[in-house]
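**Q** Let me see the structure of the following:
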Amino acid sequence: MPKQIIKKYYKFFIDKIKPKTRLDNYLIEKLPIIYTRSIIHKIIRLGNVYINKNKIIQKKSKLNKKDIIEIYNIYIKKAKFFLKSEKIKINIIYEDEYLLIINKPFNSVVHPGTSNPKGTILNGIKFYLEKKNKVSKKIPPLKKPYLGNRIDKETSGLIIVVTDEKILKNLSKQFTLNLIKKKYIALVNGNIETNNLTLYSNLIRNRNKKYKMDISKFRGKVCISTFKVIERLKYITVLKCRLYTGRTHQIRVHLKKLGHPIFNDKKYGGDQILCKKKIINHIIKNNYSQFIALHAKSLELIHPIFRKKIKYNSIIPYPIYLLSFIFKDKV
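**A** Just a heads-up that it's a prediction; the model follows:
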């Protein structure tokens, strides 16, 4: 997406001011509305603000009468995001005029971003809905589809897509109140002896490792997961997972904490395959290198418009069936 660089210079002479007024609070009142609090903090932190010709990097600096504030700033304005429609094959499980439930395959990106501007599930859904609108003139033209929930690129399973922002807010409330039930199937390394497990922990982003989450004792957001053993095979265990909170990489981090990371999950240590069979390494390396053995199997929610409970299940993808067949010898 193209960016527009705007160079700005601001100068303020303080004639009247309340005692102990902070620099950031003063600038929020004086600068244009496009400068949010977070942007102002960044400008100060980068050393672009001067008081009486002295560089200031503390946002809590106190101001005095007759102070002169100068700001030298380069503001990067991003162009408005436009979602392009693309013809992409989509597996729709449920559909009405308000929402869709999609069965996402593994190694597919849900929404476009800097590294994946096209070829995503949302691009395909927009194409599908635009084509449908042309056939049925009763349906109003769609601005853009909204994601009700999301799953990682390497995983597969059910996601919700809605056609209105109000419906999206309703789903967000349902997630907050734990009214939406999500269940997963996971294949994990090793043999889990306990049949039922519940994990409570705080989850934070690891600043040293980009896009990786860690467990903290005192900081972060609380997350709760439950695990039930379905079957114990040779070298791996098949689990049913239930999420009570929807944190980033929650299941993957919790299973790593248990010492049984998800099969082929390279980010959290699941690529250390315990089986010594060369055929497994060959199959994974040549066909499923971008695959994690985690599938969003079922989804239950209250329809935002019809107020009825709906529940849908998805077919377990072929790679998970294949692994189950390879490890068919039970312990």
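**Q** Helix, strand, or coil at E130?
**A** helix (DSSP: H, G, I helix; E, B strand; the rest coil).
**Q** For the residue nearest to it when sequence neighbours are not counted, give me its contacts.
**A** Take E130 and drop its neighbours on the chain: the residue closest to it by CB to CB, 6 or more residues apart in numbering is S85, 5.4 Å away. Using the backbone N, CA and C atoms, a C-beta is placed for each residue, glycine as well. Contacts here follow CB atoms under 8 Å, 6 or more residues apart in numbering; on that basis S85 touches N123, K126, F127, E130.
**Q** buried ones in the helix or strand hosting the second one?
**A** Of the helices and strands defined by DSSP states H and E, K126 is found in helix 121-135. Neighbour-count burial for helix 121-135, with 16 or more other CB atoms under 10 Å as criterion, is recorded at I121, L122, N123, G124, I125, K126, F127, Y128, L129.
**Q** And for stretch 297-315?
**A** Those would be K297, S298, L299, L301, P304, S314, for stretch 297-315 by 16+ other CB under 10 Å.
**Q** Let me know the distance separating the third one from F327.
**A** Meaning L299. Separation of L299 from F327 (CB to CB, to the nearest Å): 27 Å.
**Q** swap in the fifth one?
**A** Counting by CB to CB, the gap between P304 and F327 amounts to 41 Å.
**Q** Likewise for the fourth one?
**A** Applying CB to CB, one obtains 33 Å for the distance of L301 from F327.
**Q** What of the second one?
**A** From S298 over to F327 the distance is 23 Å, taken as CB to CB.
**Q** swap in E154?
**A** For E154, the distance to F327 (CB to CB) stands at 20 Å.
**Q** Repeat that for P261.
**A** On the measure of CB to CB, P261 and F327 end up 16 Å apart.
**Q** These two: which is more packed in?
**A** P261 (25 against 22; other CB atoms under 10 Å).
**Q** is it true that that one touches Y268?
**A** Yes - between P261 and Y268 there is a contact under CB atoms under 8 Å: 5.0 Å.
**Q** what's the overlap in contacts for the two?
**A** What both P261 and Y268 touch, as defined by CB under 8 Å, 6+ apart, is the set R252, L255.
**Q** Can you give me the neighbour number for the closest residue in space to D164 that isn't next to it in sequence?
**A** Spatially, and ignoring its direct neighbours in sequence, D164 is nearest to Y98 (6.8 Å; CB to CB, 6+ apart). For Y98, the count of nearby residues is 15 (other CB under 10 Å).
**Q** Ok, the one 10 residues further on next?
**A** Neighbourhood size, S108 [other CB under 10 Å]: 20.
**Q** give the contact list for the spatially closest residue to it that is not a sequence neighbour.
**A** Leaving aside its chain neighbours, S108 sits nearest to I121 (6.2 Å; criterion: CB to CB, 6+ apart). Residues near I121 by CB under 8 Å, 6+ apart: I88, I90, I102, K104, S108, V109, V110, H111, I159, V161.
**Q** out of these, which are buried?
**A** Buried members of the contacts of I121, counted by 16+ other CB under 10 Å: I88, I90, I102, K104, S108, V109, V110, I159, V161.
**Q** What is the distance between stretch 169-184 and the centre of its chain?
**A** In this view, stretch 169-184 has its centroid 15 Å away from the chain centroid, taken as CA atoms, centre = their mean, to the nearest Å.
**Q** got the end-to-end distance for that stretch?
**A** 24 Å (CA to CA, to the nearest Å).
**Q** What of stretch 29-47?
**A** Start and end residues of stretch 29-47 are separated by 20 Å (CA to CA).
**Q** what do you get for stretch 291-308?
**A** With CA to CA as the measure, what separates the two termini of stretch 291-308 is 35 Å.
**Q** Equivalent analysis for stretch 255-271, please.
**A** Terminal residues of stretch 255-271 lie 13 Å apart, using CA to CA.
**Q** pLDDT averaged over it - what is it?
**A** Mean per-residue pLDDT for stretch 255-271: 86.
**Q** Pull out the buried positions in it.
**A** Result for stretch 255-271 [16+ other CB under 10 Å]: buried residues 255-256, 258, 260-265, 267-268, 270-271.
**Q** Would you reformat the residues you listed as JSON lines and include secondary structure and distance to N178?
**A** Shown next, in JSON lines, are the buried residues of stretch 255-271 (DSSP: H, G, I helix; E, B strand; the rest coil; distance: CB to CB, whole Å):
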{"residue": "L255", "secondary structure": "helix", "distance to N178": "21"}
{"residue": "K256", "secondary structure": "helix", "distance to N178": "24"}
{"residue": "L258", "secondary structure": "coil", "distance to N178": "23"}
{"residue": "H260", "secondary structure": "coil", "distance to N178": "25"}
{"residue": "P261", "secondary structure": "coil", "distance to N178": "26"}
{"residue": "I262", "secondary structure": "strand", "distance to N178": "23"}
{"residue": "F263", "secondary structure": "coil", "distance to N178": "28"}
{"residue": "N264", "secondary structure": "coil", "distance to N178": "30"}
{"residue": "D265", "secondary structure": "coil", "distance to N178": "26"}
{"residue": "K267", "secondary structure": "helix", "distance to N178": "27"}
{"residue": "Y268", "secondary structure": "helix", "distance to N178": "25"}
{"residue": "G270", "secondary structure": "coil", "distance to N178": "28"}
{"residue": "D271", "secondary structure": "coil", "distance to N178": "33"}
